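Student: build the 3D model from these lines:
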Amino acid sequence: MRQCFRAIVFDFDYTLADSSRGAVACIDFALDELGLPAVSAEAAKRTIGLSLLDTFLELAGPQHAALAGEFARLFVKQADERMSDLTVLFESIPGTILELGVRGFSLGIVSTKFRYRIESVLRREGLLDAFAVIIGGEDVEKHKPDPVGLLAAIERLGGAPASTLYVGDSVTDAQTAERAGVPFVAVLSGVTPQEAFRDYAPCEIVEGLSDLLKWEGCQCTKKPSSTL
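Tutor: Numbers count the residues shown, from 1 in each chain. Just a heads-up that it's a prediction; the model follows:
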C-alpha cells in the first residue's frame, strides 16, 4: 500500500483474531447460569463484535432484557478465566502488522472487546508495542456503531478521519466508519458475507489483512470492490 493514508485502525475480533471458541464458551456459561435456553455455536458467533447488551438481546430476546446486566456479569466472569487462552491471532497478522509499521503507518485498535483482554493477547504474541492506541469496550460509554471510540483513537493517533482507514469484518464496523466519516476496508475473515457490505461502499473488500500490503489505494473512491 502506498503511503497515502497516515493511520490504520482495526477492529479486533474476526479482523485480527479468532476469539470464537472463547465467546461461545462464555455465552454458553452465562445462559446456562441464567437458566435460559442454549443457542447454537453459529448463532453465538454471529454476535461477536456486538456489545454484551446487544449480544444478550440478540440471543435471548427482548423479553428477557431485565437479565442483561447479570448476563454481562457472568460473561465477563467466565471470559476473565478463559477468553485470552482461547483467542488466537490469524496466521498472517503478525507479519502484516509489523510490515505496516515498517512502512510508517500509525496503528490502532477500536473494539467492543475489553482493552485488557486485547492487550493480553497482543502481549503474548509480542505485538502490543505495534499499536499506538487501543480503545476497548470499557473505555467508552457508547459502543459501535457509535463512532466515539473510533474518533477518539484517530485523535490520539494525531490523524484526521480522511487520512485514516478503519478495517473491520462486520456491518457494525462499516456503520461505525460511515458515521465517523472514515474510509472503510472490509475484510472477509469473519462471518459476514461480501454482499452485506454493498450498501456501505467500502474502499476495498479483502479476503485477509495481508492483502492490504498489495493494495494500491490512496484515495477512497467509495466504490465497492469488484476484484473478489
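Student: for this protein, which segments count as helices?
Tutor: 20-33, 41-46, 52-60, 68-82, 93-102, 115-124, 148-156, 171-180 (DSSP state H).
Student: so for P193, which of these sits nearest?
Tutor: Nearest to P193, of all the helices of the chain, is helix 171-180, at 10.2 Å by C-beta to C-beta. For every residue, glycine as well, the C-beta is placed using N, CA and C.
Student: buried ones in that closest one?
Tutor: Within helix 171-180, the residues scored as buried using 16 or more other C-beta atoms under 10 Å are 171-178, 180.
Student: among the residues you listed, which one sits closest to E141?
Tutor: E141 lies nearest to T176 out of the buried residues of helix 171-180, by C-beta to C-beta, at 15.0 Å.
Student: the closest one contacts V148, correct?
Tutor: No - taking contacts as C-beta atoms under 8 Å, T176 lies outside contact range of V148: 9.5 Å.
Student: mean pLDDT and distance to F12 for the helices of the chain - can I get that in JSON lines?
Tutor: Putting these into JSON lines (pLDDT from 0 to 100; distance: least, C-beta to C-beta, whole Å) gives the following:
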{"stretch": "helix 20-33", "mean pLDDT": "96", "distance to F12": "12"}
{"stretch": "helix 41-46", "mean pLDDT": "95", "distance to F12": "15"}
{"stretch": "helix 52-60", "mean pLDDT": "96", "distance to F12": "15"}
{"stretch": "helix 68-82", "mean pLDDT": "95", "distance to F12": "14"}
{"stretch": "helix 93-102", "mean pLDDT": "97", "distance to F12": "11"}
{"stretch": "helix 115-124", "mean pLDDT": "96", "distance to F12": "5"}
{"stretch": "helix 148-156", "mean pLDDT": "97", "distance to F12": "12"}
{"stretch": "helix 171-180", "mean pLDDT": "97", "distance to F12": "10"}
